[in-house]
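**Q** Okay, here's the prediction I keep looking at, along with the sequence it came from:
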Amino acid sequence: MNNIKISGIQKTSLIDYPDNISTVLFTQGCNMNCPYCHNPELISEENENDYLKLDNLWNFLDKRSGLIDGVVITGGEPLIQESIYELLVKIKKYDLLIKLDTNGTNYNLLKEIIEDELADYIAMDIKGPIKDYAQFCGIKLNKSIINNIDQSKELLINSSNVFTEMRTTVVPGMHDKRIMKKIAKKVYGVDKFFIQNFRPNKVNNPDFKGKRRFSEKELNEFKNIFSEKNVEVEIRN
C-alpha cells in the first residue's frame, strides 16, 4: 500500500462531507485535464513534494478518534491509485465514514467498492453530456472510457447502500441551458445533484483565469431545469 500517492491532508473540514466533520485526503494524479480544474497541482501523476507516509496517517487517525466522523478522499482522481481499495479497507477499520470523489472512469473498481461497502458517500463529477464529454475534460476519450463513465453514472443512480451525489461545475462559454437540459435528463434518481459555479482564481488553463462566473439568476435558471425533471438539486456558488 506504500505506493499510494497522497499529496495533502486537510485535518478538519466542516463542508466536504455534508453534515459531518471530516479529514480530507488529496491523492496525486488525474486521468483528465479539465481546463477549469481548481486543483491543477494534482493533475500530474508526480508531485515535487513528499507524499504523506501512511504510518503518519494511521497515527493521525488514532489521535483523531472521536473528533472526526469521516474521511473524504479526493484528488486528482483517487481511483487511478493502485492501492486505493486497500486504503479504504484500512480506514474502515477506524469505524469512520468514507466519502469518495471520482470522475467515474474506473467502473469496475467503483462497482467493487460499492459492493464491498467501503464507501458511505460517493460523489461523481458529470462534466457534460456523455456524447460531448471530451470537450469538457481536456483529453481525447476512447469508447471504453466513455462507457465506463456512463456505467458508473447508472451504477450510482441504482445503488441503494451508498449515498450518491453528482455535480457539474458550470463555466460560461462551456455550459448553457441546452447543455444542462441534456445532463438533467440523465441523472434522475441520484440522491443529490449540485450545480457548482467554477472558481476563476486558480485554474488549470490560464485562459480561464479571471473568467466571469455565472450570476445567481443564471444558476437558479439551471436549478429550475433539474427541478422540473424531479432531480433533487442544490447550488454551490
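**A** Cool, got the structure.
**Q** quick one: pLDDT of M1?
**A** Listed pLDDT for M1 reads 75.
**Q** what do you get for I139?
**A** At I139, pLDDT is 92.
**Q** Quick check: closest non-adjacent residue to it.
**A** N33 (5.1 Å; Cβ to Cβ, 6 or more residues apart in numbering). (Each C-beta comes from the backbone N, C-alpha and C, glycine too.)
**Q** Leaving out chain neighbours, which residue sits closest to the residue most central in space within the chain?
**A** In the chain, the centroid-proximal residue (Cα atoms, centre = their mean) is D101; its distance is 3.3 Å. Ranked by Cβ to Cβ, 6+ apart and with sequence neighbours excluded, the top spatial neighbour of D101 is T74, at 4.1 Å.
**Q** And the lowest-mean-pLDDT helix or strand in the chain, what's buried?
**A** Counting by mean pLDDT, DSSP states H and E, the chain has its least confident helix or strand at helix 134-137, which shows a mean of 94. Within helix 134-137, the residues that count as buried by 16 or more other Cβ atoms under 10 Å are A134, F136, C137.
**Q** is it possible to export those residues to CSV including distance to F214?
**A** Converted to CSV, these look like this (distance: Cβ to Cβ, whole Å):
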residue, distance to F214
A134, 23
F136, 15
C137, 20
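**Q** From those residues, pick the one nearest I68.
**A** Closest approach to I68 among those (Cβ to Cβ): C137, at 31.9 Å.
**Q** Let me see the contact set for the nearest residue to that closest one once chain neighbours are set aside.
**A** Distance criterion Cβ to Cβ, 6+ apart; nearest residue to C137, sequence neighbours excluded, is M32 at 4.3 Å. The contact partners of M32, by Cβ atoms under 8 Å, 6 or more residues apart in numbering, come to I43, E77, N103, T105, K127, C137, G138, I139.
**Q** same thing with P78?
**A** Listed by Cβ under 8 Å, 6+ apart, the contact set of P78 reads T27, I84, L100, D101, T102.
**Q** Three-state assignment for the residue nearest to the centre of the chain, please.
**A** The three-state label for D101, taken from DSSP: H, G, I helix; E, B strand; the rest coil, comes out as strand.
**Q** What residues are bridge-paired with it?
**A** Beta bridges link D101 to A123 when assigned by DSSP bridges.
**Q** and it, what does it touch?
**A** With Cβ under 8 Å, 6+ apart, D101 has these contacts: V72, I73, T74, G75, P78, I122, A123, M124, D125.
**Q** follow-up on the earlier one: filter the contacts of M32 down to the buried ones.
**A** Buried residues within these, counting neighbours by 16+ other Cβ under 10 Å: I43, E77, N103, T105, K127, C137, G138.
**Q** residues near the residue nearest to D101, how many?
**A** Number of residues near T74 (other Cβ atoms under 10 Å) recorded here: 20.
**Q** For it, give me phi and psi.
**A** Here is the backbone geometry of T74 (degrees, to the nearest 10): phi -140, psi -170.
**Q** pLDDT value on it, please?
**A** Note for T74: predicted pLDDT of 98.
**Q** With F214 as the reference, measure out to it.
**A** 23 Å (Cβ to Cβ, to the nearest Å).
**Q** And the strands in this structure?
**A** Using DSSP state E, the strands assigned to the chain run over residues 6-13, 22-27, 70-74, 97-102, 121-125, 163-170, 192-197, 233-236.
**Q** In CSV, list the ones you listed along with distance to N220.
**A** Formatted as CSV, those follow (distance: least, Cβ to Cβ, whole Å):
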stretch, distance to N220
strand 6-13, 27
strand 22-27, 29
strand 70-74, 27
strand 97-102, 25
strand 121-125, 21
strand 163-170, 12
strand 192-197, 9
strand 233-236, 7
